[in-house]
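**Q** Attaching a predicted model along with its sequence, questions to come.
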Amino acid sequence: MKEYFYSKTRSLRINSFFSREITLLFITLFFVLTFISCKQSKQEKTVKNKVHLTNLTTKDKLIAITGNNAYSYFIYKGKTMGFEYELLQRLGEKLGKEIEIKVVKSIKEMIEKLKNGEGDLIAMNLTVTKERKKILDFTEALNKTRQVLVQRKPKNWRKLTKDKIDKILIRDPIDLEGKTVYVRHSSAYLTRLKNLSDEIGSDINIIEADDSLSTEDLILKVSKGEIDYTVSDENIASLNQSYLPNIDIETKISFSQKIAWAVNKGDSLLLKKLNEWIEELKKSKDFYIVYDRYYQQRYYYKYRRKSEYFLSRKGRISPYDEIFKKCSNNFGYDWRLLAAIAYVESQFNNNAKSWVGAIGIMQLLPETGKHYGADDLSDPEQNITAGVKYIAWLDKFWQKYIKDKNERIKFVLASYNIGFGHIVDAYNLADKYGANKNVWFNNVENYLLKKSNKKYYTDKVVKNGYCNCIETVNYVKDVLTKFHQYKQFTK
């Protein structure tokens, strides 16, 4: 009996020992696997985040996301303008990089595209908020402003004293209780109104407007009586008041807030470069001249908003849009490309005349115009039609060599600017020296530039001699850039 008890006890001890060992083994394995999993997850997250960080050493181009409005980025009489647009051009010069501008309708979509790696920075009149700082890194402030309530003055406001107007309108934010206020979706205005509702201890009926509507659109709706209230940054509201004098913007609903650009969270190198540039820029008179141009000169804002050539979501590029569209139908070219060529050639000045005798909108020499049916180059329709006929001839010529239509147009543009002979020379040089003769950028354009070098303009394959062709290389880029800009604003 004693032996049995000892044997049983020993067995239990052995089983207990192995049980403990197995349990410890499983616990150890659990922690090891958990650690590896967490480490992999962290590494994957780090790698994923790095994908969207801007490598300034390898990127030739920065993509800036912005909105389309009458102060940040717009087209007026064919010319690209705007506070953000002008600053971005200066940024590109400072960094030595091309800046591509991508127009996005809503702030929410801007942030999504930035996070997805579809852009490098948001260049927009963005209010810096705690919520946004959780997902974005902001630059040094470009400006400061306050949020104001935009409301409509009474119909007979011109005949009323200020005191009487003040009694009719909301002057204390607490009186927004029960009122309906429309604001842009995902805007800082929405957050401010929610906080204000808590502060006054009453509900404000906040309606998030459609993403396609800008702050300017909502202000216009207030002016027209379609809605009663919206919220805007004071500097934007002030501009719109010059255009819409029946709106009131005196009621402040926030303290001063910073306005800045934004980059992806953790994009420290780009942020550092932007901040260095902003610090330097704000010490210059140039920054304040640009700021005044778009935010202080209210008369010019009013003038361009009223113009039929203010191209935002509507309006015309030029007085000649119908002619461009007619030629587009007849010859199969995008009318906005034709408009872009005309703008770069003459800025739509029908009286333009170059030092070599080129005339009118499309800058045609009299003999060229006559060859393509223009008896009077001072007539816009004859001038444009003859220019497009010449473009069509050049396109037909290059079809024998360049099959890709999108690539061919670059050869056509270069030929339109300087003559197809020099472009054929560059094509042949590219072929001889091992570049891709069917690709313009960084290939044939490089050999066009080499035609100012004796080694190349005396080469046996060159038939048209010396050419200082930097203007032509820039011309192709300028037209394509303008074409891209026009496409962002028109159909």
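**A** Structure received.
**Q** and the helix or strand Met124 falls within, what other elements does it pack with?
**A** Here Met124, judged by DSSP states H and E, is contained in strand 121-127. Here strand 121-127 touches strand 61-66, helix 83-95, helix 107-115, strand 257-264, going by 3 or more Cβ pairs under 8 Å, 6 or more residues apart in numbering; DSSP states H and E. Backbone N, C-alpha and C define where each C-beta goes, glycine included.
**Q** Of these, which is nearest Asn443?
**A** Nearest of the helices and strands packed on strand 121-127 to Asn443, taken as Cβ to Cβ: strand 61-66 at 17.6 Å.
**Q** Any buried residues in stretch 294-309, and which?
**A** For stretch 294-309, the neighbour count (16 or more other Cβ atoms under 10 Å) marks 294-295, 301-302, 304-305, 309 as buried.
**Q** before we move on, back to that, go ahead and name everything in contact with the strand holding Met124.
**A** Taking contacts as Cβ atoms under 8 Å, 6 or more residues apart in numbering, the residues outside strand 121-127 that touch it are 54, 62-67, 71-72, 84, 87-88, 101, 107, 110-111, 114, 132, 136, 138, 143, 145, 147, 188, 233, 236, 257-263, 270, 274.
**Q** which of those residues count as buried?
**A** Buried among the contacts of strand 121-127 (16+ other Cβ under 10 Å): 54, 62-67, 71-72, 84, 87-88, 101, 107, 110-111, 114, 132, 136, 138, 145, 147, 188, 233, 236, 257-263, 270, 274.
**Q** Which of the helices and strands in the chain ranks last by mean pLDDT?
**A** Ranked by mean pLDDT, DSSP states H and E, the weakest helix or strand in the chain is helix 2-51, scoring a mean of 45.
**Q** Show the average pLDDT along stretch 419-435.
**A** Mean pLDDT, computed over stretch 419-435, is 97.
**Q** quick one: pLDDT of Ala339?
**A** Looking at Ala339, its pLDDT is 98.
**Q** again, but for Asn69
**A** Looking at Asn69, its pLDDT stands at 88.
**Q** any idea how far Ile75 is from it?
**A** 12 Å (Cβ to Cβ, to the nearest Å).
**Q** ditto for Ala209
**A** According to Cβ to Cβ, Ala209 and Ile75 sit 24 Å apart.
**Q** next one: Lys455
**A** Per Cβ to Cβ, Lys455 is found 43 Å from Ile75.
**Q** So between the two, which is more surrounded?
**A** Legend: neighbour count by other Cβ atoms under 10 Å for Lys455 and Ile75, higher for Ile75 (24 against 7).
**Q** Just to check, the more buried one is in contact with Ser318?
**A** No - counting by Cβ atoms under 8 Å, Ile75 does not reach Ser318; the two are 10.2 Å apart.
**Q** ok, which stretches of this protein are strands?
**A** With DSSP state E as the criterion, the chain has strands at 61-66, 74-76, 79-81, 98-103, 121-127, 136-138, 143-145, 147-152, 180-184, 205-209, 229-233, 247-252, 257-264, 310-311.
**Q** Strand partners (parallel or antiparallel) of the second one?
**A** If you go by DSSP bridges, strand 74-76 pairs up with strand 79-81 (antiparallel), strand 310-311 (antiparallel).
**Q** looking at the ones you listed, which is closest to Ser346?
**A** strand 79-81 (12.5 Å).
**Q** If we go by neighbour counts, what in that closest one is buried?
**A** For strand 79-81, burial by neighbour count (16+ other Cβ under 10 Å) applies to 80-81.
**Q** Repeat that for stretch 121-139.
**A** 121-129, 132, 136-139.
**Q** As CSV, the residues you listed with distance to Pro366 and pLDDT would be great.
**A** Listed next are the buried residues of stretch 121-139 as CSV, based on distance: Cβ to Cβ, whole Å; pLDDT from 0 to 100:
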residue, distance to Pro366, pLDDT
Leu121, 48, 98
Ile122, 49, 98
Ala123, 45, 98
Met124, 47, 94
Asn125, 49, 90
Leu126, 52, 93
Thr127, 56, 94
Val128, 58, 95
Thr129, 61, 93
Arg132, 59, 95
Leu136, 57, 97
Asp137, 58, 98
Phe138, 56, 98
Thr139, 53, 98
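**Q** on that earlier part again, can you put the strands of the chain in TSV and add distance to Asp459?
**A** Converted to TSV, the strands of the chain look like this (distance: least, Cβ to Cβ, whole Å):
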stretch	distance to Asp459
strand 61-66	32
strand 74-76	42
strand 79-81	39
strand 98-103	30
strand 121-127	44
strand 136-138	52
strand 143-145	55
strand 147-152	65
strand 180-184	59
strand 205-209	63
strand 229-233	60
strand 247-252	67
strand 257-264	47
strand 310-311	45
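**Q** Of all those strands, which one is nearest Ala352?
**A** Using Cβ to Cβ, the nearest of the strands of the chain to Ala352 is strand 79-81, at 14.8 Å.
**Q** can you give me how far the closest one is from the chain middle?
**A** Distance, stretch centre to chain centre, for strand 79-81: 13 Å (Cα atoms, centre = their mean, to the nearest Å).
**Q** And the closest residue to Ser242 other than its chain neighbours, how close does it get to Thr458?
**A** With Cβ to Cβ, 6 or more residues apart in numbering as the criterion, Ser242 has its nearest non-adjacent residue at 3.6 Å, and that residue is Arg298. Noted for Arg298: a distance of 59 Å to Thr458, by Cβ to Cβ.
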